[in-house]
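In: no FASTA, just this:
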Ligand code: ATP
Ligand code: MG
């Protein structure tokens with residue numbers, strides 16, 4: 001029944017050239033995510049029509065749900081500009097939606113073809129009148145209808161649709177530059193990465209892995225999470241930088257008083273992340289920290305940890321509660337992977353009483369107790385980078401690879 005899909009762009013409150021840039025980027029992403037599906041495109045200045053041919057609209061919508069910067073969709077049925085045909089089609093569409101149950105409704109008409117003899121208001125009255133005389137389950141409510149039938153009279157025919165389906169929203173990914181996502185195996189950081197992409201920021205990921213202190217499965221977890229996030233990325237691809245953290249990690253455990261271990265560990269992570277960020281032309285660090293979630297995420301802790309970097313740190317989840325984050329993780333399909341029971345470097349050897357108000361001078365003093373800089377330099381030199389692609393599984397366990405031994409990502 002549906003001939004095309006009307007796609008509306010997201011926040012077009014931008015000015016001048018930025019609007020064109022926004023739309024070009026969004027259109028590019030749309031074509032990319034629909035690659036392999038035989039659809040047609042009818043680009044207009046503030047919207048795009050996707051000609052569905054014989055494809056299942058749901059398949060097309062599922063792919064488009066990975067395009068940030070789109071606001072909503074409407075499924076359109078098309079017929080000749082003829083009142084009887086319009087009413088006939090409208091009745092079919094309404095019956096499909098209401099299953100003939102009592103429903104309030106209204107008709108809205110737009111007339112792009114100004115040559116048509118009836119005004120928009122007249123068309124609305126004729127169409128609504130004829131529909132009401134046949135569909136006895138419908139009651140008019142012009143203020144808060146459950147169902148709005150939109151009729152657009154255009155040169156090439158009448159376009160009919162009912163309601164709007166919400167799209168991903170935000171800005172086309174890439175329009176806001178690139179950020180470095182600190183990705184653990186937990187629930188939060190993949191959600192932070194998704195939200196950054198949704199807001200237009202392309203991401204690369206950095207994962208601190210402590211094999212053999214932690215299992216290779218925890219590295220696989222990070223890889224698998226990136227493969228899901230890549231569904232929303234340009235070209236379905238995201239890089240992950242695997243930082244060998246075990247040596248630094250064991251030095252921290254050996255030298256730092258227990259309650260300060262996490263504070264110091266996170267300061268080391270930030271130091272390394274800043275260097276990797278700069279090396280890869282990322283504009284900021286992004287992470288999944290959320291105020292008060294754990295001892296290292298009180299505002300006082302975050303302040304003390306943040307002192308080691310000049311980088312802009314974006315924390316999309318700073319004010320989210322865990323349930324909100326979990327709901328998003330469920331919707332984007334990362335939660336099952338995050339829930340796999342493998343420890344990473346933040347959860348293994350967890351101190352019993354981590355400090356919640358770290359003292360900056362004490363922290364700085366503790367850090368003089370070992371030569372962390374050379375360990376940081378080594379970790380950065382030995383960082384391994386993989387380019388991961390959605391739908392193409394990189395099986396680090398199955399390949400018998402270990403991060404310490406290294407591997408060449410050009411092969412994958
Ligand atoms: P959870 O859902 O269990 O809270 P999490 O990923 O948020 O998982 P936290 O211990 O709360 O883990 O860490 C806060 C943030 O620090 C993470 O969201 C992530 O951005 C970053 N982070 C923690 N551990 C690592 C790691 N091993 N590699 C990269 N980033 C990490
Ligand atoms: Mg967390």
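Out: Sure, I can see it. What you see is a predicted model, and the numbers here were worked out from it, not measured in a lab. Ligands and ions are numbered 1, 2, ... in the order given.

In: Residue 305 and residue 263 touch, don't they?
Out: Yes. Residue 305 is in contact with residue 263 according to Cβ atoms under 8 Å; the separation is 6.4 Å. Quick note: C-beta positions are derived from backbone N, CA and C, even for glycine.

In: Overlap in contacts, these two.
Out: The overlap between the contact sets of residue 305 and residue 263 (Cβ atoms under 8 Å, 6 or more residues apart in numbering) consists of residue 296.

In: what's the closest non-adjacent residue to the closest residue to ligand 1 within the stretch 151-300 of the chain?
Out: Relative to ligand 1, the nearest point of the stretch 151-300 of the chain is residue 186 (1.8 Å; Cβ to the nearest ligand atom). Here the nearest residue to residue 186 in space, its sequence neighbours aside, is residue 338; by Cβ to Cβ, 6 or more residues apart in numbering that works out to 5.8 Å.

In: Was I right to think the one you found contacts residue 187?
Out: Yes. The pair residue 338 and residue 187 passes the contact test of Cβ under 8 Å, sitting 4.4 Å apart.

In: list residues touching both of those two?
Out: Between them, residue 338 and residue 187 share these contacting residues under Cβ under 8 Å, 6+ apart: residue 329.

In: Quick check: the residue of the stretch 151-300 of the chain closest to ligand 1 vs ligand 2, distance?
Out: Remark: distance between residue 186 and ligand 2 (Cβ to the ion, to the nearest Å) = 5 Å.

In: go on, residue 257?
Out: Using Cβ to the ion, one obtains 23 Å as the distance from residue 257 to ligand 2.

In: returning to what we had before: ok, the residue nearest to residue 186 - contacts?
Out: With contacts defined as Cβ under 8 Å, 6+ apart, residue 338 is in contact with 185, 186, 187, 190, 221, 225, 329.

In: Tell me if I'm right that residue 29 and residue 67 touch.
Out: Yes. Under the criterion of Cβ under 8 Å, residue 29 makes contact with residue 67 at 4.7 Å.

In: got any residues that touch both of the two?
Out: Shared contacts of residue 29 and residue 67, defined by Cβ under 8 Å, 6+ apart, comprise residue 172.

In: what's whatever residue of the stretch 301-412 of the chain ends up closest to ligand 2 sitting at in phi/psi?
Out: In the stretch 301-412 of the chain, the residue found nearest to ligand 2 is residue 317; the distance is 7.6 Å by Cβ to the ion. Backbone torsions for residue 317, taken as degrees, to the nearest 10, come to phi -100, psi 10.

In: for the spatially most central residue of the chain, what are its contacts?
Out: Using Cα atoms, centre = their mean, the residue of the chain that lies closest to the mean C-alpha position is residue 194, 3.2 Å off. Residues in contact with residue 194 (Cβ under 8 Å, 6+ apart) are 229, 232, 328, 332, 334.

In: let's see 10 Å
Out: Neighbour list for residue 194: 68, 168, 181, 203, 228-229, 231-232, 316, 328-329, 331-334 [criterion: Cβ atoms under 10 Å, 6 or more residues apart in numbering].

In: Near the residue of the stretch 301-412 of the chain closest to ligand 2, how many residues? Count them for me, please.
Out: When counting by other Cβ atoms under 10 Å, one arrives at 24 neighbours for residue 317.

In: Would you mind confirming that it makes contact with residue 289?
Out: Yes. Between residue 317 and residue 289 there is a contact at 6.9 Å, judged by Cβ atoms under 10 Å.

In: list the residues that contact both of these two?
Out: Common neighbours of residue 317 and residue 289, counting by Cβ under 10 Å, 6+ apart, are 188, 189, 192, 297.

In: helix or strand for the third one, which one?
Out: Right, residue 192. Element membership for residue 192, per DSSP states H and E: helix 188-198.

In: Could you point out the helix or strand that follows that helix?
Out: Per DSSP H and E, the first helix or strand lying C-terminal to helix 188-198 is strand 202-209.

In: Around ligand 1, which positions in this protein sit nearby?
Out: Neighbours of ligand 1 within the chain, by Cβ under 6 Å from any ligand atom: 182-184, 186-189, 206-208, 287-289, 293-294, 344-346.

In: Weed out the non-buried ones from those residues.
Out: A residue is treated as buried here by neighbour count (16 or more other Cβ atoms under 10 Å); on that basis the buried members of the residues of the chain next to ligand 1 are 182-184, 186-189, 206-208, 287-289, 293, 344-346.

In: can you tell me the residue of the protein closest to ligand 2?
Out: Taking Cβ to the ion, the chain has residue 188 as its residue nearest ligand 2, at 3.8 Å.

In: all helices for the stretch 151-300 of the chain, in order.
Out: Counting by DSSP state H, counting those that start in this stretch, the stretch 151-300 of the chain has helices at residues 188-198, 216-229, 246-255, 261-279, 299-306.

In: Report the buried residues of the helix or strand of the chain with the lowest mean pLDDT.
Out: With mean pLDDT, DSSP states H and E as the measure, the helix or strand of the chain carrying the lowest mean pLDDT is helix 16-33 (a mean of 91). Along helix 16-33, these residues count as buried under the neighbour rule (16+ other Cβ under 10 Å): 22, 23, 25, 26, 27, 29, 30, 33.

In: So which elements touch it?
Out: With contacts defined as 3 or more Cβ pairs under 10 Å, 6 or more residues apart in numbering; DSSP states H and E, helix 16-33 has these neighbours: strand 4-9, strand 40-43, strand 47-51, helix 57-64, strand 70-79.

In: So which bits of the stretch 151-300 of the chain are right by ligand 2?
Out: Residues of the stretch 151-300 of the chain lying near ligand 2 by Cβ under 5 Å from the ion: 188, 293.

In: residue ranges with poor pLDDT in the stretch 151-300 of the chain?
Out: Filtered on pLDDT under 70, the stretch 151-300 of the chain yields no residues whatsoever.

In: Could you chop this structure up by domain?
Out: If you go by automatic domain parsing, the domain ranges for the chain are 4-166, 178-389.

In: my guess is residue 379 contacts residue 246, does it?
Out: Yes. Taking contacts as Cβ under 10 Å, residue 379 lies within contact range of residue 246: 9.1 Å.

In: Would you mind telling me which of those two has the busier surroundings?
Out: When neighbours are counted by other Cβ under 10 Å, residue 379 comes out ahead of the other of residue 379 and residue 246, with 23 against 18.

In: Just send the helices of the stretch 151-300 of the chain back as a markdown table, with distance to residue 352 too.
Out: As requested, the helices of the stretch 151-300 of the chain are exported to a markdown table (distance: least, Cβ to Cβ, whole Å):
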| stretch | distance to residue 352 |
| --- | --- |
| helix 188-198 | 23 |
| helix 216-229 | 22 |
| helix 246-255 | 14 |
| helix 261-279 | 11 |
| helix 299-306 | 16 |
